[in-house]
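>>> sequence unknown, structure follows:
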């Protein structure tokens, strides 16, 4: 594949040199179709476009995504330590902040409380629990 690309590049270089020096190349490229030649040679190898794009047509390539179907029986990933903290503390924060508080305000308060929580308490209560869930899901 790399050799083919190198061969194409050398042929394109020679054809371009012929066009510049003589005005016509052995491949039939002349001043009239020079623009399409340059467009074809500037495209990545294997994707050369030598014809003019259709008028009004969309010439963008659409990529097909290979989406794997999800297994409904697959185990869920364990919750992150911060998510465990939020699920435990959300009711407390809502009661502390009062009735009618918005979701984003509750989340901001939870984030603030997470940041001031000592690292040792985070480790013991949340990180270790997440680690245990990962180990039990992975190995047994």
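Thanks, I have it. Worth saying up front: this structure is predicted, and the values here are computed from it rather than measured.

>>> helix or strand for residue 9, which one?
Assessed by DSSP states H and E, residue 9 sits inside helix 2-22.

>>> whoops, I mixed them up, residue 101
Using DSSP H and E, no helix or strand contains residue 101.

>>> which regions of the protein sit below the pLDDT cut-off?
Within the chain, the stretches with pLDDT under 70 are 1-3, 16-59, 138-140.

>>> Can you report phi and psi for residue 99?
With angles defined as degrees, to the nearest 10, residue 99 shows backbone torsions of phi -80, psi 140.

>>> Now do the closest residue to residue 106 other than its chain neighbours against residue 7, distance only.
Nearest in space to residue 106, with sequence neighbours left out and distances taken as C-beta to C-beta, 6 or more residues apart in numbering, is residue 93 at 5.4 Å. For glycine as for every other residue, the C-beta is placed from the backbone atoms N, C-alpha and C. Separation of residue 93 from residue 7 (C-beta to C-beta, to the nearest Å): 67 Å.

>>> Those two - which one has more neighbours?
Under the criterion of other C-beta atoms under 10 Å, the comparison of residue 93 against residue 7 puts residue 93 first, with 18 against 11.

>>> quick one: contacts for that one?
Applying C-beta atoms under 8 Å, 6 or more residues apart in numbering to residue 93 gives the contacts 106, 109-110, 113.

>>> From residue 117, how far off is it?
Residue 93 is 13 Å from residue 117, where distance means C-beta to C-beta.

>>> same deal with residue 11?
Summarising the geometry, the distance separating residue 11 from residue 117, computed by C-beta to C-beta, is 66 Å.

>>> Could you pull out the helices in the protein for me?
Applying DSSP state H to the chain gives helices spanning 2-22, 34-42, 81-97, 103-116, 119-122, 128-139.

>>> The ones you listed: which one's closest to residue 62?
Comparison of the helices of the chain against residue 62 by C-beta to C-beta identifies helix 34-42 as nearest, at 19.9 Å.

>>> Around residue 5, count how many other residues there are.
Residues within reach of residue 5, counting by other C-beta under 10 Å, total 12.

>>> Based on its surroundings, how many neighbours for residue 110?
Residue 110 is flanked by 19 other residues according to other C-beta under 10 Å.
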